[in-house]
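Asker: Pasting the sequence and the predicted model now:
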There are 2 protein chains.
Amino acid sequence: MSTTGRGLHGRVLDTLGPEITAGEYPPGSVLRTDELAQRFDVSRSVMREVVRVLESMHLVESRRRVGVTVLPSREWNVYDPQVIRWRLAGADRPRQLRSLTVLRSAIEPVAAGLAARNATAEQCAELTECALGMVAHSRGHKLEGYLFHDVAFHRVILTASGNEMFARLGDVVAEVLAGRTHHDVMFEDPDPAAVTLHVQLAEAVRARDAARAERLTREITEGALQELDILAP
Amino acid sequence: MSTTGRGLHGRVLDTLGPEITAGEYPPGSVLRTDELAQRFDVSRSVMREVVRVLESMHLVESRRRVGVTVLPSREWNVYDPQVIRWRLAGADRPRQLRSLTVLRSAIEPVAAGLAARNATAEQCAELTECALGMVAHSRGHKLEGYLFHDVAFHRVILTASGNEMFARLGDVVAEVLAGRTHHDVMFEDPDPAAVTLHVQLAEAVRARDAARAERLTREITEGALQELDILAP
DNA sequence: GTGACGAATAAGTCTGACTTTTTATGCGAG
DNA sequence: CTCGCATAAAAAGTCAGACTTATTCGTCAC
């Protein structure tokens, strides 16, 4: 599931990145490239590349004669998929999941409204297909199959919106949905009301009813907020 | 205004990054590290660091025996502030500005609603201060001063929402607002209605009226959409 | 046509020397 | 005692070159 994997450089990043995002080094901590290279048993060249990437994510700042300083989390590029993954794997997973769910509640209704205007016939077909898949896996502990179609559904919506910024959140939504299914409590079958809403949403998009699509999505995301005990606006 | 600047590495990035995001190399194009190093007159070490950063932004992919392949824009980390800046500086600035304005229209109303619940007394004070600043600079071609307070206003709203994902969009909103003032048509004074809305919004937040704050912000962002001839939902 | 083997290629890695910037220290002057 | 300047030290930045490794492509045998 890890994206980086490839190469020595990636392996070091996969260790150091999570450590930093987990807050193991408080903001202002100073790391030395040489020490890190020694610790990970890699050359300074590799270590420098790692530091450069961390720097581009605004996790650290590298200054001469000082070292590599860990930045406060307020500076981090929290939209970087890599950073999101690291944080979801770490200790403040719950907080992260809440932040992302609130983000979803802002983005997805608007995206659905746009999708209702811009979706191609093919995308409409995909949407109903996904909704049917959700229905088919909504009973009898078929959680994995349900999740698969749920993720695909939201991905299509975001893509069909025609807005690249929205489309790029597909992975984020996938992580959030997967997180709910795997880590949090969801032993039972999914809420039947949610399934119905998805079916209706697919229909609304195909009918080019933007207002209805937006309203239905708002109901869906409000459900997601309530699951995390976040009071709905 | 450029963030990278520092070091040889940063200067190369500031040239190559914009070239890629401007679409100068079509997706699938292959660059060679050695050639690039020669072109920029830097060592391969430096060039490798640059490639690593571009790779972490998903602008390129580096594969052995093949070279550095430019990825399609659909893959790019479009939320990376660096990437956003590069794209805003390039040819598809208008498209980018539209995407970001739509994003604003989704995020800011929700953020304002949360701000009305979570804002501290100090943040409320800042907000009214900014609103007053906007009023003071709303007549007589004081566009720069108006912009300054406008940016500060929206930054406070996003921060006060208490959601880190929203807070991180402060820079993006700043870029969009600055873009409108500097590049697009805005020779005259700002729309008086918009100014009023900001004043009312500051008031709504202080009064802890989330619904009203959200509604007012929706009006503000709808105005921004209309300025770019984007049909409002 | 297919499969395997081998050669070419470009990225990946390591090492060690050197440069540059920034900070701290310490000395001397006031 | 304090201020300021010069000097030294520390860590990142840069470079050059040699070597390794994975991948692809071409060729040859079957």
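Answerer: Yep, it's here.

Asker: After the helix or strand containing residue A:9, which helix or strand is next?
Answerer: With the criterion set as DSSP states H and E, the secondary-structure element containing residue A:9 is helix A:7-21. Past helix A:7-21, further along toward the C-terminus, the next helix or strand under DSSP H and E is strand A:30-31.

Asker: So what's the residue count around residue A:214?
Answerer: A count of nearby residues for residue A:214, using other C-beta atoms under 10 Å in any protein chain shown, gives 21. (C-beta placed from N, C-alpha, C; glycine too.)

Asker: per-residue pLDDT, it?
Answerer: Per-residue confidence for residue A:214 comes out at a pLDDT of 98.

Asker: what's the spacing between it and residue B:183?
Answerer: As for residue A:214, its distance to residue B:183 is 31 Å (criterion: C-beta to C-beta, to the nearest Å).

Asker: mind listing what residue A:223 touches?
Answerer: By C-beta atoms under 8 Å, 6 or more residues apart in numbering or on different chains, residue A:223 lies in contact with A:191, A:193, A:194, A:197.

Asker: Counting neighbours, which bits of the host helix or strand of the last one end up buried?
Answerer: What that stands for is residue A:197. Secondary-structure assignment from DSSP H and E places residue A:197 in helix A:192-206. Within helix A:192-206, the residues scored as buried using 16 or more other C-beta atoms under 10 Å in any protein chain shown are A:194-206.

Asker: what's the domain layout of chain A?
Answerer: Described in terms of automatic domain parsing, the domain architecture of chain A consists of the residue ranges A:7-75, A:93-227.

Asker: chain center to the helix or strand hosting residue A:95: distance?
Answerer: Secondary-structure element containing residue A:95, defined by DSSP H and E: helix A:93-118. Relative to the chain's own centre, helix A:93-118 is displaced by 10 Å; criterion: C-alpha atoms, centre = their mean, to the nearest Å.

Asker: Give me the angle between the helix holding residue A:9 and helix A:93-118.
Answerer: For helix A:7-21 against helix A:93-118, the angle by axes from the mean of the first three to the mean of the last three C-alpha atoms, to 10 degrees is 110 degrees.

Asker: Nearest to DNA strand C within chain A, name that residue for me.
Answerer: DNA strand C sits closest to residue A:8 of chain A, with a gap of 2.7 Å, by C-beta to the nearest atom of the strand.

Asker: quick one: that residue and chain B, what's the gap?
Answerer: Note on residue A:8: its distance to chain B, by C-beta to the nearest C-beta, to the nearest Å, is 12 Å.

Asker: Next, count neighbours for that residue.
Answerer: What residue A:8 shows, counting by other C-beta under 10 Å, is a neighbour count of 16.

Asker: hmm, what's the outermost residue in chain A?
Answerer: Distance from the C-alpha centroid of chain A, by C-alpha atoms, centre = their mean, peaks at residue A:65 (37.1 Å).

Asker: does it count as helix, strand or coil?
Answerer: For residue A:65, the secondary-structure state derived from DSSP: H, G, I helix; E, B strand; the rest coil is coil.

Asker: how close does it get to residue B:45?
Answerer: Between residue A:65 and residue B:45 the distance is 20 Å, computed by C-beta to C-beta.

Asker: Got the confidence number for residue A:1?
Answerer: The predicted local confidence for residue A:1 is 50.

Asker: Output the below-cut-off pLDDT ranges for chain A.
Answerer: Along chain A, segments meeting pLDDT under 70 span A:1-5, A:184-187, A:231-233.

Asker: Which residue would you name as the spatial centre of it?
Answerer: Residue closest to the mean C-alpha point of chain A, counted by C-alpha atoms, centre = their mean, is residue A:172 at 1.9 Å.

Asker: what sits against it?
Answerer: Neighbour list for residue A:172: A:81, A:84, A:100, A:103, A:104 [criterion: C-beta under 8 Å, 6+ apart].

Asker: Could you list the buried residues of whatever helix or strand it lives in?
Answerer: Assigned by DSSP H and E, residue A:172 belongs to helix A:170-182. If you call a residue buried by 16+ other C-beta under 10 Å, then helix A:170-182 has these buried ones: A:170, A:171, A:172, A:173, A:174, A:175, A:176, A:177, A:178, A:179, A:180, A:181.

Asker: near DNA strand C, which residues of chain A?
Answerer: Residues of chain A found near DNA strand C, taking C-beta under 7 Å from any atom of the strand as the criterion, are A:7-9, A:41-46, A:49, A:63-66.

Asker: Those residues: which two are farthest apart?
Answerer: In the residues of chain A next to DNA strand C, two members sit farther apart than any others by C-beta to C-beta. They are A:7 and A:65, at 29.7 Å.

Asker: ok, back up a step: so can I have a markdown table of the buried residues of helix A:192-206 showing distance to residue B:146?
Answerer: Putting the buried residues of helix A:192-206 into a markdown table (distance: C-beta to C-beta, whole Å) gives the following:
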| residue | distance to residue B:146 |
| --- | --- |
| A:194 | 45 |
| A:195 | 49 |
| A:196 | 48 |
| A:197 | 43 |
| A:198 | 45 |
| A:199 | 48 |
| A:200 | 44 |
| A:201 | 41 |
| A:202 | 45 |
| A:203 | 45 |
| A:204 | 40 |
| A:205 | 40 |
| A:206 | 44 |
